[in-house]
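> model the structure of this input:
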Amino acid sequence: MPLTYWACANCGFWQRHFAPPDCPVCTDVRNELPADGWRFLPEHEVRATHEGQGREVAPGLWAFTTTPNLGLAGTGWLIVRPEGNIAFEAAPYYSNTMLARIEQLGGVQILAASHAHGYGALWQLQNAFRPAVLAIHRDDLRMTKAFGVNYPYDDTLELAPGYVLHHVGGHYEGQAALHDAFGRRLFCGDMFKIDQDAAGRSQAISSHKAFHLDIPLTHAELRRYRDVIAPLAFDAVLTPFEYAPEIGRAQALAALDEALARPPGVRRLPLESLSLEPMR
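Residues are numbered from 1 along each chain as shown. Below is the predicted model of the structure:
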């Protein structure tokens, strides 16, 4: 049986394999196993049943999504720059139309992701655009069976001037956040979960080890988050699933301070309840 690309029907995680025996995302403590057993979708089946779109959510910032939903239904972000585009996270699958749109926007020079929940179809972007850099933190290399990493890193990595990856851990051992100094944005991975209404307006914020299973982070993990983001200037956060221009540095720090002031536990905090006075 030849090597090919397979997506887990439960979570959408891609592997390049003969026939995957299981899914490392689903077997991880942060996720639930499929109730009806393993089912893996070959790439040709996904291609025949899925489309998608790209939309500009802010000047020079594009969001790519797949329809119908595949797996965790994440978003692939594309930062369009004259010096070369940066793709962070990936859509679960890219149709030919989506890849053509990225080509029109200048392709992908630099490719990275926060952790496995944001990997999506990184392998497609790598195969289509041959980016000079594909960066994943060293602690998550075990999850990269579908694509080749040519730039593992330790605590920080400057992808380009003003665009720095910061290892934050916590939710995933190798989880990283991308700080975009020019756009004043923090691509935070799953450091935060943002609850939004039907119109996409942010309502609540939380941090967690496993959101659906309500596994909390430890205080040490929350402090690590705080120590990393406290020096960074940002007016919006972006997870693999949400764009939240209502949440900047002050709101993010307030949410972490609230969690540090009580015993561990997942709590969805309404934005209006946050005290924006920083913890001493």
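
> where does this protein have low pLDDT?
1, 277-280 (pLDDT under 70).

> let's see it at 90
1-2, 19, 31-32, 198-200, 211-214, 272-280 (pLDDT under 90).

> quick one: residue 82 from residue 60, how far?
According to CB to CB, to the nearest Å, residue 82 and residue 60 sit 10 Å apart. In short, each C-beta sits where N, CA and C put it, glycine included.

> who has more neighbours, the two?
residue 60 (16 against 7; other CB atoms under 10 Å).

> residues touching the more buried one, list them.
Taking CB atoms under 8 Å, 6 or more residues apart in numbering, we find residue 60 in contact with 79-81, 183.

> now do 7 Å
79-80 (CB atoms under 7 Å, 6 or more residues apart in numbering).

> just residue 243 next, same as before
57, 63.

> can you tell me how far it is from residue 20?
For residue 243, the distance to residue 20 - CB to CB - is 32 Å.

> again with residue 209
Residue 209 is 25 Å from residue 20, where distance means CB to CB.

> does residue 222 touch residue 257 like I think?
No - judged on CB atoms under 7 Å, residue 222 makes no contact with residue 257 at a distance of 9.1 Å.

> neighbour count: those two, which is higher?
Of the pair residue 222 and residue 257, residue 222 is the one with more neighbours under other CB under 10 Å, namely 21 against 18.

> helix/strand/coil for that one?
helix (DSSP: H, G, I helix; E, B strand; the rest coil).

> and the gap between the closest residue to residue 9 other than its chain neighbours and residue 122?
Leaving out its chain neighbours, the residue that sits closest to residue 9 by CB to CB, 6 or more residues apart in numbering is residue 39, at 4.1 Å. Separation of residue 39 from residue 122 (CB to CB): 22 Å.

> before we move on, what about residue 235?
From residue 235 to residue 122 the distance is 27 Å (CB to CB).

> between the two, which one's more packed in?
residue 122 (26 against 15).

> quickly find the element holding the residue nearest to that one when sequence neighbours are not counted.
Using CB to CB, 6+ apart and skipping the chain neighbours, the partner closest in space to residue 122 is residue 90 (4.6 Å). Using DSSP states H and E, residue 90 sits in no helix or strand.

> residue 90 reaches residue 127, doesn't it?
No - in this structure, residue 90 is not within contact of residue 127 by CB under 7 Å, at 11.9 Å.

> so for the two, which residue has more residues nearby?
residue 90 (30 against 13).

> for the more buried one, which residues are in contact?
So residue 90 contacts 76, 113, 119-122, 125 (CB under 7 Å, 6+ apart).

> from those residues, which land in strands?
The strands, defined by DSSP state E, take in residue 76 from those.

> narrow the contacts of residue 90 to those that are buried.
Buried residues within the contacts of residue 90, counting neighbours by 16 or more other CB atoms under 10 Å: 76, 113, 119-122, 125.

> nearest to residue 2 among those?
Using CB to CB, residue 121 is the member of the buried ones among the contacts of residue 90 that sits closest to residue 2, with 19.3 Å.

> name the SS class of residue 30, please.
coil.

> count the neighbours of the residue nearest to it when sequence neighbours are not counted for me.
In space, and not counting its chain neighbours, residue 30 is closest to residue 210: 4.1 Å by CB to CB, 6+ apart. Residues within reach of residue 210, counting by other CB under 10 Å, total 17.

> could you measure from residue 210 over to residue 13?
Taken as CB to CB, the span from residue 210 to residue 13 is 16 Å.

> got the phi and psi for residue 79?
phi -100, psi 110 (degrees, to the nearest 10).

> name whatever forms a beta bridge with it.
Counting by DSSP bridges, residue 79 forms beta bridges with residue 61, residue 86.

> in three-state terms, label residue 255 for me.
helix.

> quick one: buried residues of stretch 104-122?
Residues of stretch 104-122 classed as buried: 107-122 (neighbour count, 16+ other CB under 10 Å).

> next, the distance between the ends of it.
Stretch 104-122 has its terminal residues 18 Å apart, counting by CA to CA, to the nearest Å.
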